[in-house]
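Trainee: what's the 3D shape of this:
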Amino acid sequence: MSIMIISIISYFLGNISASYLIAKYKGGIDIRKHGSGNAGATNVLRTLGAKAGLLAFAGDALKGILAVILGKLIGGEDGQIAAGIFVVIGHNWPILLGFKGGKGIATTIGVMIAINPYIVAAIVPIGLIIIFITKYVSLASILGMAIFPITMLMTKQPVKLVLFSFLLSAMAIYRHKSNIKKLIGGTEAKIGDKVKKY
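Mentor: All right, here's what the predicted structure looks like:
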């Protein structure tokens with residue numbers, strides 16, 4: 001019962017989209033109708049600038065941290081795993097926003113900061129280097145999420161957390177399927193590219 005309660009709370013916590021709220025407050029816009037149409041920090045960055053993008057990233061990461069802390073307090077290791085999964089699901093597919101959410105990178109990073117900050121400290125710099133070299137945030141996100149469960153496995157984390165990391169990685173990469181097609185086709189947007197309105 002406690003795991004079910006944690007899952008429900010975490011899902012609705014995930015529904016609170018910092019990207020959507022900041023875009024409404026800072027720009028008076030529905031971020032889902034601009035740029036990529038994604039309610040995530042990268043789209044806020046492209047549409048409203050670096051400050052808004054960083055705030056959106058921090059807010060979406062924070063809910064991941066809070067969900068896992070709450071999950072652990074109530075349900076231990078299983079509780080934090082359930083919280084981590086459902087806060088990301090809530091961010092990606094939020095019922096309060098018509099199931100049009102983000103891609104889960106910031107929230108996943110927040111989840112992992114609460115579970116194992118050392119893994120995050122190892123992977124995030126790699127992502128930043130990829131962004132600096134290529135200007136593709138999506139490429140950095142995809143590769144970072146692919147490296148994440150491998151790093152968990154190589155550092156001999158508990159089996160449950162390794163399986164958990166594979167699930168989070170799979171969800172994140174799945175959410176980037178359109179970006180993967182664009183990267184292959186050479187049409188993916190880079191940082192600094194002009195945004196469009198739907």
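Trainee: CA only for contacts and neighbour counts going forward, please
Mentor: OK.
Trainee: Could you pull out the helices in this protein for me?
Mentor: Per DSSP state H, the chain carries helices over the ranges 2-15, 18-27, 41-48, 50-92, 105-115, 117-134, 137-154, 159-175, 177-185.
Trainee: got a markdown table for these, with mean pLDDT too?
Mentor: Compiled in a markdown table, the helices of the chain are given as follows (pLDDT from 0 to 100):
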| stretch | mean pLDDT |
| --- | --- |
| helix 2-15 | 95 |
| helix 18-27 | 89 |
| helix 41-48 | 88 |
| helix 50-92 | 95 |
| helix 105-115 | 95 |
| helix 117-134 | 94 |
| helix 137-154 | 94 |
| helix 159-175 | 95 |
| helix 177-185 | 93 |
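Trainee: And those helices: which comes nearest residue 99?
Mentor: The closest of the helices of the chain to residue 99 is helix 50-92. By CA to CA, the value is 7.4 Å.
Trainee: between the closest one and helix 18-27, how many degrees?
Mentor: Between helix 50-92 and helix 18-27, the angle comes out at 140 degrees (axes from the mean of the first three to the mean of the last three CA atoms, to 10 degrees).
Trainee: List the contacts of residue 180.
Mentor: Applying CA atoms under 8 Å, 6 or more residues apart in numbering, we find residue 180 in contact with residue 139.
Trainee: if we can go back for a sec, need the helices of the chain in JSON lines with distance to residue 34, can you?
Mentor: Shown next, in JSON lines, are the helices of the chain (distance: least, CA to CA, whole Å):
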{"stretch": "helix 2-15", "distance to residue 34": "19"}
{"stretch": "helix 18-27", "distance to residue 34": "10"}
{"stretch": "helix 41-48", "distance to residue 34": "7"}
{"stretch": "helix 50-92", "distance to residue 34": "14"}
{"stretch": "helix 105-115", "distance to residue 34": "19"}
{"stretch": "helix 117-134", "distance to residue 34": "22"}
{"stretch": "helix 137-154", "distance to residue 34": "17"}
{"stretch": "helix 159-175", "distance to residue 34": "18"}
{"stretch": "helix 177-185", "distance to residue 34": "16"}
